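In: Any chance you can model this:
(chains A and B)
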2 protein chains.
Amino acid sequence: MSEKHLQTGDVLPQYSGKLRLFAMRFCPYAERSVLVLNAKNLQYDLVFINLDHKPEWLFNFSPKGTVPALEYEQGKAIFDSNIINVYLDEKYPDVPLQSSDPLRRAQDKLVVENFSAAQSAYYTAAFNAPALQPSMVENYHKGLNGLQKELETRGTKYLNGNEPGLVDYTIWPFLERFEALPLLGKSEFAIDKTKYEILTTYIEAMKNVPAVRAYRLAPETHAKFTESRAKGDPDYNMLDSSDVCCMRPRKKKE
Amino acid sequence: MSEKHLQTGDVLPQYSGKLRLFAMRFCPYAERSVLVLNAKNLQYDLVFINLDHKPEWLFNFSPKGTVPALEYEQGKAIFDSNIINVYLDEKYPDVPLQSSDPLRRAQDKLVVENFSAAQSAYYTAAFNAPALQPSMVENYHKGLNGLQKELETRGTKYLNGNEPGLVDYTIWPFLERFEALPLLGKSEFAIDKTKYEILTTYIEAMKNVPAVRAYRLAPETHAKFTESRAKGDPDYNMLDSSDVCCMRPRKKKE
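Out: Next up is the predicted model:
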């Protein structure tokens, strides 16, 4: 699969009849939907978008030009990772990713909501470091602690139970990226194993979930992209191998 | 019912066994949940909260001290209007307020999402007028136009269909408050009948929906509260009649 990000002027690839997700390779929100598509064993095409030079046709699928957007029928789309994911889970019920109990579904959403301050702290640390406040670092650890307590209370391998569910796939993309922060000199964001024993076990388990393993990137890769974006020149295509052969650059045609 | 807002030091009223909603009389988010409780004919108690001097016990129900919060069992609560409302609709399915079609449910959420910029513009105009930008007024009318187009496309009396549903009760509290803006000198926020014919018809229909009629306040009342809050001294108890008898002030005990 090409990891190339399409940009202004690029042509919309032909519709294959499968579900099609518009994403950006390093976007945690887009990853949420990729993980759900994977976990539900759905067939889909992925179109990566250069968010600094958006192709004109993106706005036909996502009115604000955000990713992810899901083309569920040719020319028809919905956007917002949570809206897309609940839709996918309800439309394709074969591998259910949510509890059948309304209260538990509400509580799962609250876990995500309670984690949002940690996500904001991550964004500031990664992309706007000069604005970082000690209260944000505190919120980050409050978020991690809350998550760990939730795992402890639930007493299951994943938040969803013995198998990961929507709540796990919604939070995971951020945990994946948190591990990049110490590599960027933000040691106060490190997830210390002794302090976060239960959480660390959970993180390691999530890394091995097939839906995650198929898409996740190493902390070093996230760190590299983050650096490029923080400098104002995001290297969207750093993973693209469509112009190389056997990992060696193709000879340029002369 | 007392419209008095409880504050720091006030005692938590005794639990009656009914669902209990923590709210603020003028809060649009809390109103969303009140409307859903009404529409589903659920029995509930309402506890109004002074958001500037929060009772200590509020945080047992709502960790961030926000309203609405729903005590669904004694001492156990969930918060966030959307989370509460979906929970209520799924837990008490007798009067369903959402479509049975997953795609339609996703589209309803997008209607709400697309309307959010209009809500933000309202908040700035009402409570932080000096920060108001022309682009916000534009977003406000974009939101109204989008809503009108959606009503036109759907061709039903309400967004939900021939009966109002969750999507209507989610958006309504803001439409109710928008009508207060021209009374506060913000004539650029007026909803002109000739420009918004379909939307105006919808607004008038919503005013007469029983769940709404039982709780909605006149634009003049919203304007009065808004003025008090914009001045930094919100008159939470302006509707409280627990200290008056037959609309005349009770004689104070001497």
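In: How about the contacts made by the nearest residue to residue A:226 once chain neighbours are set aside?
Out: Excluding the flanking residues, the one nearest residue A:226 by CB to CB, 6 or more residues apart in numbering or on different chains is residue A:126, at 4.9 Å. Just so you know, the C-beta spots here come from the backbone N, C-alpha and C atoms, and that holds for glycine as well. Going by CB atoms under 8 Å, 6 or more residues apart in numbering or on different chains, residue A:126 touches A:177, A:180-181, A:184, A:226, A:230.
In: can you check residue A:206 too?
Out: Contact partners of residue A:206, counting by CB under 8 Å, 6+ apart, are A:158, A:164, A:168, A:172, A:175, A:212.
In: one more time with 7 Å
Out: The neighbourhood of residue A:206, defined by CB atoms under 7 Å, 6 or more residues apart in numbering or on different chains, consists of A:164, A:168, A:172, A:175, A:212.
In: give me the element the third one is part of.
Out: Looking back up the chat, that one is residue A:172. Using DSSP states H and E, the element containing residue A:172 is helix A:166-178.
In: now that helix: how far from the chain's centre is it?
Out: 7 Å (CA atoms, centre = their mean, to the nearest Å).
In: tell me what that helix is packed against?
Out: Contacts defined by 3 or more CB pairs under 7 Å, 6 or more residues apart in numbering or on different chains; DSSP states H and E place helix A:166-178 against helix A:28-39, helix A:102-114, helix A:116-127, helix A:197-207.
In: Of the ones you listed, which stretch is the most buried?
Out: Highest mean neighbour count of the helices and strands packed on helix A:166-178: helix A:28-39, a mean of 24 (counted as mean count of other CB atoms under 10 Å in any protein chain shown).
In: so it versus helix A:102-114, what angle?
Out: 140 degrees (axes from the mean of the first three to the mean of the last three CA atoms, to 10 degrees).
In: Contact residues of chain A facing chain B?
Out: Taking CB under 7 Å from any CB of the partner chain as the measure of proximity, chain A contacts chain B at A:78, A:80, A:83, A:87, A:90-91, A:102-103, A:106, A:109-110, A:113.
In: just curious, which of those residues is nearest to residue A:201?
Out: residue A:110 (22.6 Å; CB to CB).
In: I'd guessed the closest one sits against residue B:78; true?
Out: Yes: if you go by CB atoms under 7 Å, residue A:110 and residue B:78 touch, sitting 6.2 Å apart.
In: Okay, buried residues for the top helix by length along chain A please.
Out: With secondary structure taken from DSSP state H, chain A has its longest helix at helix A:134-154. The neighbour-count check on helix A:134-154 (16 or more other CB atoms under 10 Å in any protein chain shown) flags A:136-137, A:139-144, A:146-148, A:150-151 as buried.
In: export the helix holding residue A:172 as CSV, just CAs?
Out: Coordinates of each C-alpha in helix A:166-178 appear next as CSV, following Å, rounded to 0.1, in the frame of the first residue of the first chain:
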residue,chain,number,x,y,z
LEU,A,166,-14.3,0.6,20.9
VAL,A,167,-13.1,2.3,24.2
ASP,A,168,-9.7,0.7,23.8
TYR,A,169,-9.4,1.6,20.1
THR,A,170,-10.4,5.2,20.9
ILE,A,171,-7.8,5.7,23.5
TRP,A,172,-5.0,3.7,22.1
PRO,A,173,-3.7,6.1,19.4
PHE,A,174,-2.8,8.6,22.1
LEU,A,175,-1.0,6.1,24.3
GLU,A,176,0.9,5.0,21.2
ARG,A,177,2.1,8.6,20.7
PHE,A,178,2.7,9.4,24.4
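In: burial of residue A:221, as a residue count?
Out: Other residues within reach of residue A:221, judged by other CB atoms under 10 Å in any protein chain shown, total 15.
In: Am I right that it is in a helix?
Out: Yes: the assignment for residue A:221, made by DSSP: H, G, I helix; E, B strand; the rest coil, places it in a helix.
In: can you tell me how far it sits from residue A:25?
Out: The gap separating residue A:221 from residue A:25 is 10 Å, by CB to CB, to the nearest Å.
In: tell me the pLDDT at the residue lying closest to residue A:177 once chain neighbours are set aside?
Out: Take residue A:177 and drop its neighbours on the chain: the residue closest to it by CB to CB, 6+ apart is residue A:222, 5.2 Å away. Per-residue confidence at residue A:222 stands at 98 (pLDDT).
In: just checking, residue A:222 touches residue A:174?
Out: No: at 10.9 Å, residue A:222 does not count as touching residue A:174 under the criterion of CB under 7 Å.
In: that older thread, mind listing what the residue nearest to residue A:177 touches?
Out: A:26, A:177, A:180.
In: The first one and residue A:204: what is the separation?
Out: As defined by CB to CB, residue A:26 lies at a distance of 22 Å from residue A:204.
In: again with the second one
Out: Here the criterion is CB to CB. By it, residue A:177 lies 16 Å from residue A:204.
In: element containing the closest residue to residue A:39 other than its chain neighbours?
Out: Spatial nearest neighbour of residue A:39, chain neighbours left out: residue A:211 (4.0 Å); criterion: CB to CB, 6+ apart. Per DSSP H and E: residue A:211 is located in helix A:210-213.
In: Might you list the low-confidence residue ranges for the stretch 101-250 of chain A?
Out: A:243-250 (pLDDT under 70).
In: List the buried residues of stretch A:179-194.
Out: A:179-181, A:183-184, A:186, A:189, A:191.
In: Could you list the alpha-carbon positions for it in CSV?
Out: The C-alpha trace of stretch A:179-194 is given here as CSV (Å, rounded to 0.1, in the frame of the first residue of the first chain):
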residue,chain,number,x,y,z
GLU,A,179,5.7,7.1,24.2
ALA,A,180,7.3,9.5,21.7
LEU,A,181,7.4,12.4,24.1
PRO,A,182,10.5,11.3,26.2
LEU,A,183,12.4,10.8,22.9
LEU,A,184,11.7,14.5,22.2
GLY,A,185,13.2,15.5,25.5
LYS,A,186,10.0,15.6,27.4
SER,A,187,11.0,13.2,30.1
GLU,A,188,8.2,14.5,32.4
PHE,A,189,5.8,12.6,30.1
ALA,A,190,7.5,9.3,30.5
ILE,A,191,5.2,6.4,31.6
ASP,A,192,7.2,5.0,34.5
LYS,A,193,6.8,1.2,34.8
THR,A,194,6.9,1.2,38.6
